[in-house]
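Sharing a sequence plus its predicted fold:
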Amino acid sequence: MGKIILVTGMLGNNSRGVPSFILNTAYMNAIVAAGGVPVMMGSTKLAAEYAEMADGLLITGGESVHPSRFGDTFNNLADGDANVAHNLKAGCNVIRDEMEFAAFEEFFKRKKPIMGICRGHQLVNAALGGHNMLNFPRKHAVEHSEGIQHEIVAEDGSILNRLYGPKLLVNSFHRDCADAVGPDVKVTARSLDGIIEAIEHKALPVFSVQFHPERMRGDAPNPAFGPDGTELFKYFVDLC
């Protein structure tokens, strides 16, 4: 059997108001294509058991990470504007935060591989002592939230550079971003307008990307920008 990859998903209510887990199939398909066996996480209480069972953890995209997880407040991020603070708060899911940070902690202390995508990138950044910006287009003259295509520059020796070269075309579907990293983390790719697009832990097999490689495989409903994202998933599964 291939390596077992625990995958996190969104928590919410279905069309009938019943609490449900939701996970885009593109994540699962990408892991399967890379030779892994994806398993969806379904309980915060079992974080330790999942970490013992699985070979790696994939933290997927979705809502904002609550600012308390990176030492900030909605009011401060909103520069004191109550309406903006309210909107930022509405974009968070603290129950999901609890589940994913619990999973991160259990895999991290076992030194097992962890990969983050989009929200997962921001969660990994926060968990490693970094800081995020919520709804950054509000303050910066850039737009990354509507599925645009853009180039990023990967640092020498980084995972992305080794797989795809120094420059690659990626997609963007995000309003939040990592804007500072922790002491044991290195920024390994940025967009041309300076947004942090990838980070790696300096010593452990933990990395994350802001773009969506699972949508860069040609089998998702969104355009397949850039190189084949399967290569990044293969790297992750082989790492596990």
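Received the coordinates, thanks.

could you point out which element follows the worst-scoring helix or strand of the chain on mean pLDDT?
Lowest on mean pLDDT, DSSP states H and E among the helices and strands of the chain sits strand 10-13, with a mean of 85. Counting by DSSP states H and E, the element after strand 10-13 in chain order, helix or strand, is strand 19-22.

The least confident helix or strand of the chain - contacts with which helices or strands?
With contacts defined as 3 or more C-beta pairs under 8 Å, 6 or more residues apart in numbering; DSSP states H and E, strand 10-13 has these neighbours: strand 19-22, helix 94-109. Just so you know, the C-beta spots here come from the backbone N, C-alpha and C atoms, and that holds for glycine as well.

For residue 61, which non-adjacent residue is spatially closest?
In space, residue 61 comes closest to residue 118 once its chain neighbours are excluded; the distance is 3.3 Å by C-beta to C-beta, 6 or more residues apart in numbering.

residue contacts, residue 64?
Counting by C-beta atoms under 8 Å, 6 or more residues apart in numbering, residue 64 touches 88, 91-93, 119, 122, 132, 134, 175-176.

Try it again at 7 Å.
Counting by C-beta atoms under 7 Å, 6 or more residues apart in numbering, residue 64 makes contact with 88, 91-92, 134, 176.

got a winner among these for most neighbours?
Ranked by the number of neighbours (other C-beta atoms under 10 Å), these place residue 134 first, at 25 neighbours.

So for that one, what's the pLDDT?
On pLDDT, residue 134 comes in at 90.

before we move on, what about residue 145?
You'll see residue 145 listed with a pLDDT of 65.

Same question for the one 3 residues further on.
The model reports residue 148 with a pLDDT of 79.

burial measure for the closest residue to it other than its chain neighbours, as a count.
Spatial nearest neighbour of residue 148, excluding adjacent residues (C-beta to C-beta, 6+ apart): residue 172 at 5.1 Å. Neighbour count for residue 172, taken as other C-beta under 10 Å: 24.

Hmm, residue 172 is touching residue 150, no?
Yes - in this structure, residue 172 is within contact of residue 150 by C-beta atoms under 7 Å, at 6.2 Å.

picking up where we left off before, okay, the helices and strands packed on strand 10-13, which one's buried deepest?
Most buried of the helices and strands packed on strand 10-13 by mean neighbour count (mean count of other C-beta atoms under 10 Å) is helix 94-109; its value is a mean of 19.

same for that one, what does it pack against?
With contacts taken as 3 or more C-beta pairs under 7 Å, 6 or more residues apart in numbering; DSSP states H and E, helix 94-109 sits against strand 10-13, helix 47-53, strand 56-59, strand 114-117, helix 119-127.

As TSV, the ones you listed with distance to residue 190 and mean neighbour count would be great.
Formatted as TSV, the helices and strands packed on helix 94-109 follow (distance: least, C-beta to C-beta, whole Å; neighbours: other C-beta atoms under 10 Å):
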stretch	distance to residue 190	mean neighbour count
strand 10-13	27	16
helix 47-53	31	16
strand 56-59	21	27
strand 114-117	16	28
helix 119-127	13	27
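
Of those, which is nearest residue 193?
With C-beta to C-beta, the closest approach to residue 193 among the helices and strands packed on helix 94-109 belongs to helix 119-127: 16.7 Å.

counting contacts, what elements does the closest one pack onto?
strand 56-59, helix 94-109, strand 114-117, strand 131-133, strand 177-180, strand 206-209.

could you dump that helix to PDB, C-alpha only?
Taking C-alpha atoms only, helix 119-127 is exported to PDB below (Å, rounded to 0.1, in the frame of the first residue of the first chain):
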ATOM      1  CA  ARG A 119      -5.000  28.500   3.900                       C
ATOM      2  CA  GLY A 120      -2.800  25.600   4.800                       C
ATOM      3  CA  HIS A 121       0.200  27.700   3.900                       C
ATOM      4  CA  GLN A 122      -1.000  30.500   6.200                       C
ATOM      5  CA  LEU A 123      -1.700  28.000   9.000                       C
ATOM      6  CA  VAL A 124       1.800  26.400   8.700                       C
ATOM      7  CA  ASN A 125       3.300  29.900   8.800                       C
ATOM      8  CA  ALA A 126       1.300  30.800  11.900                       C
ATOM      9  CA  ALA A 127       2.100  27.400  13.600                       C
END
